[in-house]
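Novice: Attaching a predicted model along with its sequence, questions to come.
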Amino acid sequence: MYGFIEMLLQEQEYLKRIILKTRKMQDTTPPAGWLRISKDGKRFRYYHCVNDKQGVYITKDNIQLACQLAQKNYNDAVLKEAESRLKLIEKVVVAYSDNEIEKLYSSLHAGCKFRPIGAHIPK
């Protein structure tokens, strides 16, 4: 599959940019703790949890805190997924070669080089 490595390298660079931006955002936005959301009828209630699961209710006046905590949670999830994919791609890039089959065929003894019916063999 020609061009596969180039596609992986592009994806690798894309993931590195995502990781860099996400880490930069984590340095500036996150307050301590996490967001707990509950639903009361048709309304959502937001709680800022630091050391307990109950948390402190976030009022409408402080809704920005809920947004920051939600962003922190999203950034953590994105960072975890992007780092996981990046590790996987790095392993594939190291192990994969576009022309492995051609190299194998080229290394055969001249007497063994024949064209099986329907096989793709380089010219």
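Specialist: Looks like it arrived, so ask away. Residues are numbered from 1 along each chain as shown.
Novice: lowest average confidence, helix or strand, in the protein?
Specialist: helix 100-106 (a mean of 72; mean pLDDT, DSSP states H and E).
Novice: List the buried residues of it.
Specialist: Residues of helix 100-106 include none that count as buried (16 or more other Cβ atoms under 10 Å). Every C-beta, even on glycine, is put in place using the N, C-alpha and C of the backbone.
Novice: Can I get that helix as CSV, trimmed to CA atoms?
Specialist: Extracted in CSV, the C-alpha atoms of helix 100-106 (Å, rounded to 0.1, in the frame of the first residue of the first chain):
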residue,chain,number,x,y,z
GLU,A,100,8.4,-5.3,1.9
ILE,A,101,7.0,-7.7,-0.6
GLU,A,102,9.0,-6.2,-3.5
LYS,A,103,12.2,-6.5,-1.4
LEU,A,104,11.3,-10.2,-0.6
TYR,A,105,10.8,-10.9,-4.3
SER,A,106,14.1,-9.1,-5.2
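Novice: How far off centre is it?
Specialist: When distances are taken as Cα atoms, centre = their mean, to the nearest Å, helix 100-106 is centred 33 Å away from the chain's centroid.
Novice: Please apply the same query to stretch 77-97.
Specialist: 8 Å.
Novice: Give me the buried positions along that stretch.
Specialist: For stretch 77-97, by 16+ other Cβ under 10 Å, it's Leu79, Ala82, Arg85, Leu86, Ile89.
Novice: Outside of that stretch itself, list whatever touches it.
Specialist: Residues outside stretch 77-97 that contact it (Cβ atoms under 8 Å, 6 or more residues apart in numbering) are 4-5, 8-9, 11-12, 15-16, 18-19, 22-23, 26, 103.
Novice: Spell out for me which residue occupies the centre of the chain.
Specialist: Among the residues of the chain, the one closest to the centroid is Ala82, at 2.1 Å (Cα atoms, centre = their mean).
Novice: follow-up on the earlier one: for the least confident helix or strand of the chain, which helices and strands make contact with it?
Specialist: Counting contacts by 3 or more Cβ pairs under 8 Å, 6 or more residues apart in numbering; DSSP states H and E, helix 100-106 packs against no other helix or strand.
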